[in-house]
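Student: can't give you the sequence, but here's the structure:
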């Protein structure tokens, strides 16, 4: 069973249109949702959680239509948004009591174990937490009620590199259980390249690709050529480009040939930047 299926998803606001977005996240995998500010990542997550009404398309979460009997399914979802929201005066001990009565499967011991690992003070008011501390608390809560699907919207933003690395390791271990799945959006492409099995790229409300990470890294390459050579290359074979006074760097697929030109490995960030460079995307 797939943990998440999104088909032809559409949502229109004034000045923005999320158009026919489709992707599938298999159970037990991690998908990175990438895109610039305003690309549609947060809108997609809100639509998956059914907190806003979609204009078209279908969404299935853990085998259930997310517009029907979704309240019970939400018990199996842990969600962390780009801001953590708890009453400002509450301490972590009080938040634990609140969450204990909010989730049927609340695991208090696991929650306090995460707090210890994250070095979060139990008696300090939430309003006194730094942004990084708040995000760590939200992540600890999301992972402490036997959630089968974690949905994380910029959950590692505001964390220093060591803390991010620690949390990425926790996410990785979480999905060693094949019943556990993660959808994570982030601006930090290097984190997603390290962590994810699948990469889904949104740009201006449109889906540019949703692929296995290893296939992307294997198939895509950066080709170096002169400006004169560039004129002879079919435009449909150029997925992205960057030109300079010395020539051009082109994003291409290895399967399209180009053996006569030098090809370099393309990382996920290279693929994304070249796809949206000079209006190719």
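Tutor: Happy to help now that I have it. Note that the structure is predicted; figures quoted are calculated from it, not measured. Numbers count the residues shown, from 1 in each chain.

Student: tell me which residues of the helix or strand bottoming out on mean pLDDT in the chain are tucked away?
Tutor: Confidence across the helices and strands of the chain bottoms out at helix 227-230, with a mean of 84, counting by mean pLDDT, DSSP states H and E. Residues of helix 227-230 classed as buried: residue 230 (neighbour count, 16 or more other CB atoms under 10 Å). (Glycine included, C-beta is placed from N, CA and C.)

Student: Let me know the next secondary structure element after that helix.
Tutor: strand 240-244 (DSSP states H and E).

Student: Am I right that residue 248 is in contact with residue 225?
Tutor: Yes. Using CB atoms under 8 Å, residue 248 makes contact with residue 225 at a distance of 5.6 Å.

Student: quick revisit: residues making contact with the least confident helix or strand of the chain?
Tutor: Outside of helix 227-230, the residues that reach it under the criterion CB atoms under 8 Å, 6 or more residues apart in numbering are 241, 243, 247-248, 250, 261.

Student: Could you rerun that using 10 Å?
Tutor: Contacts to helix 227-230, defined as CB atoms under 10 Å, 6 or more residues apart in numbering, come from residues 223, 238, 241, 243-248, 250, 260-261.

Student: now stretch 242-254
Tutor: Under the criterion CB under 10 Å, 6+ apart, residues 218-230, 233, 237-241, 258, 261, 263-264, 266, 270-275, 277-278, 280 lie in contact with stretch 242-254.

Student: Of those residues, select the buried ones using a ChimeraX command.
Tutor: Isolation of the buried members of the contacts of stretch 242-254 (16+ other CB under 10 Å) is achieved in ChimeraX through the command below:
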select :219,220,221,222,223,225,230,233,238,239,240,241,258,266,270,271,272,274,275
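
Student: and for residue 248 and residue 225, which residues touch both?
Tutor: Here residue 248 and residue 225 have 233, 241 as joint contacts, going by CB under 10 Å, 6+ apart.

Student: Off-centre distance for the longest helix seen in the chain?
Tutor: Residue-count comparison of every helix in the chain, with assignments taken from DSSP state H, identifies helix 161-174 as the longest. Distance of helix 161-174 from the chain centroid (CA atoms, centre = their mean, to the nearest Å) equals 14 Å.
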